[in-house]
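Undergrad: sequence and computational prediction follow.
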Amino acid sequence: MDAFQTHGAISWSELMTTDPMRSADFYHQLFGWTVETMPMPQGPYRILKVGDTAIGGIMGIPPTAPPAMPPNWCPYVTVDSADETAGECAALGGRVLIEPTDIPGIGRFAVLQDPQGAVLNIMEYGMPGDAPT
């Protein structure tokens, strides 16, 4: 199974934190994950790898986040269509916290909240070569 192309598969995990550099060092020491830093408009993004396989990322908590938001891990679930899945979420009683948005070179994502309040990200990856490497 290719988690980046299979609807419903958890394909990525992302940590939003107050100190991304310190967190990257912690997880490197704890699990041996290697870290590659990419410059991004909102600040450096750290890609986590096991061997040559990218498994997740670490970023700073965005300034637009709620003031009391603690550091947190959030999974990405692969979907065939971010727009359709966001619509289905709302129809089922969930909320779309961030509307489907393009990430150049990766795909289209949205942030959803289930009726009980749990949050997760969805990702419609672009072409197979667009998945994180």
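TA: In hand now; what should we look at? Numbering: from 1, shown residues only.
Undergrad: and the longest helix seen in the chain, which residues are buried?
TA: Counting by DSSP state H, the longest helix found in the chain is helix 20-31. Using 16 or more other CB atoms under 10 Å as the test for burial, helix 20-31 gives 20, 23-24, 27. For the C-beta atoms, the positions are set from N, CA and C on the backbone; glycine is no exception.
Undergrad: identify the farthest-apart pair in these.
TA: Using CB to CB, these span at most 10.6 Å, a distance reached by P20 and Y27.
Undergrad: what do the two both touch?
TA: Listed contacts common to P20 and Y27 are I58; contacts here mean CB atoms under 8 Å, 6 or more residues apart in numbering.
Undergrad: strands along the chain, start to end?
TA: In the chain, the strands defined using DSSP state E lie at 10-17, 34-38, 45-50, 53-60, 72-78, 95-103, 107-113, 119-125.
Undergrad: tell me the angle of the fourth one relative to strand 45-50?
TA: Going back to what we said before, that points to strand 53-60. Angle, strand 53-60 to strand 45-50, by axes from the mean of the first three to the mean of the last three CA atoms, to 10 degrees: 150 degrees.
Undergrad: direction included, what does strand 53-60 pair against?
TA: Strand 53-60 has the following strand partners under DSSP bridges: strand 10-17 (parallel), strand 45-50 (antiparallel).
Undergrad: chain center to the longest one: distance?
TA: What that stands for is strand 10-17. In terms of CA atoms, centre = their mean, to the nearest Å, the centre of strand 10-17 is set 4 Å apart from its chain centre.
Undergrad: who touches that strand?
TA: 3-4, 23, 55-62, 65, 69, 71-78, 121, 123, 125, 131-132.
Undergrad: in it, what counts as buried?
TA: For strand 10-17, burial by neighbour count (16+ other CB under 10 Å) applies to 11-12, 14-17.
Undergrad: what is the orientation angle of that strand with strand 119-125?
TA: Using the same axes, to 10 degrees: strand 10-17 against strand 119-125 is 130 degrees.
Undergrad: strand 10-17 vs strand 72-78, what angle?
TA: 160 degrees.
Undergrad: now swap in the shortest one and tell me
TA: Going by the same axes, to 10 degrees, strand 45-50 is angled at 70 degrees with respect to strand 72-78.
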